[in-house]
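Trainee: Next one to model:
(chains A and B)
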Amino acid sequence: MRTPLSLLCIAAAALVTVGCARKGLTGDENGAYGAGDGFGGAGDVVIDANDPLLGGVGDAAGAFGGRFEDTRERITDAGLETLYFTFDSYTLPPDELYKADAAVQYLLDNPTCVMIVEGHCDERGSNEYNLSLSEQRAIGVRDYMVALGVASERIQTRAFGEEKPADPAQNEAAYAKNRRAEFVPYK
Amino acid sequence: MMLSVMRKFLLLALFAAVCGLRAAPIQIDVTGVLRQSLSLDGVTASGQAGQLYLDVLRNDLLRSGWYRMAPNGQVRVTGSLSGSGTANANLTVSWPGKRFVWPRTANADAVRRQAHELADAIVSNTTGETGMACSRIAMVYRAPQKRNGQNIDDLYVMDYDGHNLRRLTRDGVAIVGPRWSCDGQYIYFTSYRLGYPAVFRVDMQGNMLRLADFRGLSTGAVPSPTDPDSIAIILSHQGNPELYILNARTRALTRLTTTAQAAEASPCWSPDGRRICYVSDVAGSPQLYIVDVATKQSRRLTLRGGENVQPDWGKNGIVFATRRGWPYRIAVIDPDRGESSLRYLTPVNEQYESPSWAPDGRHVVTSRKQGPSQSIWILDADEKGAAPYQAFRGSGQWLNPAWSR
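Mentor: Next comes the predicted model:
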């Protein structure tokens, strides 16, 4: 069902207004929702303005484009190393911690920069569980970095599950390379 | 007199209950009748459409698992199927003491559909069971190459018998899920089309809607079978992945788990909508848990095995993928009796994943891994059921099938 653009804009504007008001009241707790900026022109997506779920349900950092990659520029030469995990585990291996320490140091040295911690899994296991596991891994790294003094709003997590392997081969060496957290700074 | 009868009845009931407890079978019995004999010999089919009608009907009845073909069967279908474009059906279905007539006309593009409807009508009338002939299967096709290192997936849907394959998404981005709404109108799934995982739903025309997009991870959305506005979902916006119910009407969130050090995944509803089975690694490895939606009390269901994942709850138990040794096998477990009721549906040396119940509560669609390829296979959970068969002969990687409810 195609909706006239004007109707869509009105609906989107109304929702963004509601969302902002709500955000002011409730902070980033499961409150705000909206049609999100980068969504209207997104390819073949059709939005039904009469649908009660228009634009879906989200929060300030989600549906509102509060995601770093939407508003900032990726830094590609930070030289931060990838941190590796053991199978089915989100515990930070002690001998890998220096990589998270380096990421903390980077954010302390560059106070205007922010960082996305990407969590990844190897392909074994269900991809639904691996998606949650990869988020848990990224959150574990973020929590460690916050404990070392980085403001929590400067770090966002992204779960990639088993969907973006560093090495697509199906052997133990590849799996070890795929169970990882990557540090992606933005300015 | 009345009292004595009642007392006798109570005693009998008590006796039956005690016996029932003591004699509780180790294995799950898929309820149903013994196979009935069925005869299609009395059907005369003529013309291309008439022949197609009969072929589809025969295949449906055999696949249903409730019948064996025999001359002069208990269930008899008689009459005529004719037509080269439009099909004219003039059939009578009779079984001991009962019968119904089926006078219908089907346009050329509706012949398969109408034959499926007749098959389901025969199944429900002669066995009391729900048929699966009108059901559909959603699944993910994974391209052999990657884009920016990431999987290229698209969502497809087909009739349960492998016909009418249609592509629903054209993003070519990684997809996790999918799950059906109970009315069969929508498929819920997690897509990376925005660059990060968010929950979308798509209708059968391919219209997409972003449903949930919270800070961190939003995934695993599946609506309740009894209230389509209640959507079980995994969100991490309050700290780490937890199980919630999102009310799509009021947009309220109800949190069901509190495991700061563990990840939850893969929720599925009990058929009565009162409980949710999900995966959690709170005990160190991914295991199945059941939470009561009203009380938010969780308990662990699976106790053994390195991994127990991908649950789907049907009227005959919870089907899931288990790794007890290698590779994954499909097993079914009684949610109330737990490990002692576990029964495998696939052999030890073959790898099947991602089970999903058919609407008949008897068949299970899975993704089977054979070397580099992955394909869609159907299992019969009945202990005397048919051997697994390939539902759809697409080459390449077909995974994460979901059977419509």
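Trainee: Show me where chain A dips below the pLDDT cut-off.
Mentor: Applying pLDDT under 70 to chain A picks out residues A:1-65.
Trainee: Would you map out the domains in it?
Mentor: As given by automatic domain parsing, the domain ranges for chain A are A:5-66, A:69-186.
Trainee: and the longest one, is it in reach of chain B?
Mentor: By that I understand domain A:69-186. Yes: residues of domain A:69-186 contacting chain B under CB under 8 Å from any CB of the partner chain: A:69, A:88, A:90, A:125-129, A:131-133, A:135-136, A:139, A:156-161, A:163-166, A:168. For the C-beta atoms, the positions are set from N, CA and C on the backbone; glycine is no exception.
Trainee: mind checking the end-to-end distance for that domain?
Mentor: This stretch, domain A:69-186, spans 8 Å end to end (CA to CA, to the nearest Å).
Trainee: got it, and stretch B:353-363?
Mentor: 14 Å.
Trainee: and the longest strand along chain B, which strands flank it?
Mentor: Criterion DSSP state E: the longest strand present in chain B is strand B:136-147. Here strand B:136-147 is paired, per DSSP bridges, with strand B:150-159 (antiparallel), strand B:397-403 (antiparallel).
Trainee: can you give me the mean pLDDT across the shortest one?
Mentor: Going back to what we said before, that points to strand B:397-403. Per-residue pLDDT values across strand B:397-403 average out to 96.
Trainee: Run through who's touching that strand.
Mentor: Here strand B:397-403 makes contact (CB atoms under 8 Å, 6 or more residues apart in numbering or on different chains) with A:127, B:132, B:135-142, B:144, B:156, B:160, B:175-180, B:187, B:353-354, B:356-359, B:363-367, B:373-376, B:392.
Trainee: now with 7 Å?
Mentor: For strand B:397-403, the external contacting residues (CB atoms under 7 Å, 6 or more residues apart in numbering or on different chains) are B:135, B:137-142, B:177-180, B:354, B:356-358, B:365-367, B:373-376, B:392.
Trainee: Can you go through those residues and name the buried ones?
Mentor: Among the contacts of strand B:397-403, those buried by neighbour count (16 or more other CB atoms under 10 Å in any protein chain shown) are B:135, B:137-142, B:177-180, B:354, B:356-358, B:365-367, B:374-376, B:392.
Trainee: With just CA atoms, put stretch B:129-137 into PDB.
Mentor: The C-alpha trace of stretch B:129-137 is given here as PDB (Å, rounded to 0.1, in the frame of the first residue of the first chain):
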ATOM      1  CA  GLU B 129      -6.700 -33.100  13.400                       C
ATOM      2  CA  THR B 130      -5.700 -29.800  11.900                       C
ATOM      3  CA  GLY B 131      -4.300 -30.200   8.400                       C
ATOM      4  CA  MET B 132      -1.200 -28.600   7.000                       C
ATOM      5  CA  ALA B 133      -2.000 -28.700   3.300                       C
ATOM      6  CA  CYS B 134      -2.800 -24.900   3.100                       C
ATOM      7  CA  SER B 135       0.200 -23.900   5.200                       C
ATOM      8  CA  ARG B 136       3.300 -22.100   4.000                       C
ATOM      9  CA  ILE B 137       7.000 -22.100   4.900                       C
END
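Trainee: Count the residues that sit near the nearest residue to residue B:227 once chain neighbours are set aside.
Mentor: Ranked by CB to CB, 6 or more residues apart in numbering or on different chains and with sequence neighbours excluded, the top spatial neighbour of residue B:227 is residue B:273, at 6.3 Å. If you count neighbours by other CB atoms under 10 Å in any protein chain shown, residue B:273 ends up with 15.
Trainee: list the contacts for residue B:273?
Mentor: Residue B:273 neighbours (CB under 7 Å, 6+ apart): B:224, B:225, B:226, B:227.
Trainee: Now intersect these with the strands, please.
Mentor: Using DSSP E, none of the contacts of residue B:273 sit in strands.
Trainee: all helices for the chain, in order.
Mentor: Here I'm looking at chain A. Here chain A has its helices, by DSSP state H, at A:5-26, A:68-71, A:97-109, A:127-147, A:172-178.
Trainee: Please refer instead to chain B.
Mentor: Per DSSP H, chain B carries helices over the ranges B:2-22, B:47-64, B:111-127.
Trainee: which stretches of the stretch 101-250 of chain B have low pLDDT?
Mentor: Answering for the stretch 101-250 of chain B: no residues sit below the bar, that is pLDDT under 70.
Trainee: Near chain A, which residues of it? Just list them.
Mentor: B:146, B:149-151, B:170, B:174, B:176, B:192, B:195-197, B:207-220, B:234, B:236-237, B:240-241, B:246, B:248-249 (CB under 7 Å from any CB of the partner chain).
Trainee: Among those, which are located in strands?
Mentor: Secondary structure defined by DSSP E assigns B:146, B:150-151, B:176, B:208-213, B:218-220, B:234, B:246 of these to strands.
Trainee: PyMOL command for the buried members of those?
Mentor: Only the buried entries of those go into this PyMOL selection, using 16+ other CB under 10 Å:
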select buried, chain B and resi 150+151+176+208+209+210+211+212+213+218+219+220+234+246
